[in-house]
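K.L.:
just a sequence and a predicted model for now, questions to come.
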Amino acid sequence: MDEHRRVSGAVIRRLPGYYRYLGKLERAGAQRISSQELGEQMGLTASQIRQDINCFGGFGQQGYGYNVPELRRHIGQILGLNRDYRMVIVGTGNMGQALMSYDGFREMHFDMVAAFDSDPALIGRSVRGLVIRDVQELPQALDAQPVDIGIVAVPEAAAQAVCDQLVAGGVHAIWNFAPIDLSAGPDVAINNVHLSDSLLVLTYALGHM
């Protein structure tokens, strides 16, 4: 684990793309791929592919390339996908309900176990079989069952307080969709998702065509 922590953030951010594309190849029956071929599909050089993968050990063979199922399994283990994760979501408006309805989470062993909101119009409603609970029940719920990941999908003004509640309840990973960068202690991982950032990448591309 300590060695993995020294790997650059840029490499870590590329790993899910490798995992996703290798999964597509595996489902198509592919058994091997070269770093050149993988690089062409990922928009990277063969050298960059090899450097990224070598950060975690040598999985390829010279003259053969990479075994697709084996490399995908190794990357999945690096990403922590060899176990199940329990998630709760706080905020069940449009964004929250879209996340609750996403089938891909369960396929990757992410289990949404509870949902919370403060809006009386939403409390008691069921989304994909999960009944939305009053956010005031959050502390008791976290005491009753361990949770790995907390999803924050509330307005900006409430986001940090929700984050603090999740952390106080023993949650060590926060996936934040509120339009604010949240903060917590060094033993808590936070991914602040700003959806507009992707749009700005597109507007930059449009302006430089």
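P.N.:
Here it is on my side, so go on.
K.L.:
pLDDT weak spots in this protein?
P.N.:
1-5, 58, 60-63 (pLDDT under 70).
K.L.:
so what's the gap between the top helix by length along it and the chain middle?
P.N.:
In the chain, assigned by DSSP state H, the helix with the most residues is helix 9-27. Averaging C-alpha positions (CA atoms, centre = their mean, to the nearest Å) puts helix 9-27 12 Å from its chain's average.
K.L.:
outside of that helix, which residues touch it?
P.N.:
Outside helix 9-27, the residues that touch it by CB atoms under 8 Å, 6 or more residues apart in numbering are 33, 38, 41-42, 44, 52-53, 55, 68-69, 71-72, 75-76, 78-79, 81. Where you see a C-beta, it was placed from the backbone N, CA and C, and this is true even at glycine.
K.L.:
give me the PyMOL select line for those, limited to the buried ones.
P.N.:
The following PyMOL line selects those of these that are buried, judged by 16 or more other CB atoms under 10 Å:
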select buried, resi 33+38+42+44+52+53+55+68+71+72+75+76+78+81
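K.L.:
mind checking how far the residue most central in space within the chain is from F105?
P.N.:
Against the mean C-alpha coordinate of the chain, by CA atoms, centre = their mean, the closest residue is W175 at 7.5 Å. According to CB to CB, to the nearest Å, W175 stands 11 Å off from F105.
K.L.:
what is in contact with the two at once?
P.N.:
In contact with both W175 and F105: M87, using CB under 8 Å, 6+ apart.
K.L.:
so what strands line up beside the biggest strand by length in the chain?
P.N.:
Longest strand of the chain, by residue count under DSSP state E: strand 110-117. Here strand 110-117 is paired, per DSSP bridges, with strand 85-90 (parallel), strand 130-134 (parallel).
K.L.:
now the longest one, how far from the centre of its chain.
P.N.:
How far strand 85-90 lies from its chain's middle: 12 Å, per CA atoms, centre = their mean.
K.L.:
report the buried residues of the next helix or strand after that strand.
P.N.:
Helices and strands here follow DSSP states H and E; after strand 85-90, the next one along the chain is helix 94-100. Under the neighbour-count criterion of 16+ other CB under 10 Å, helix 94-100 has M95, G96, Q97, L99, M100 buried.
K.L.:
next one: stretch 75-94
P.N.:
I75, G76, I78, L81, Y85, M87, V88, I89, V90, G91, T92.
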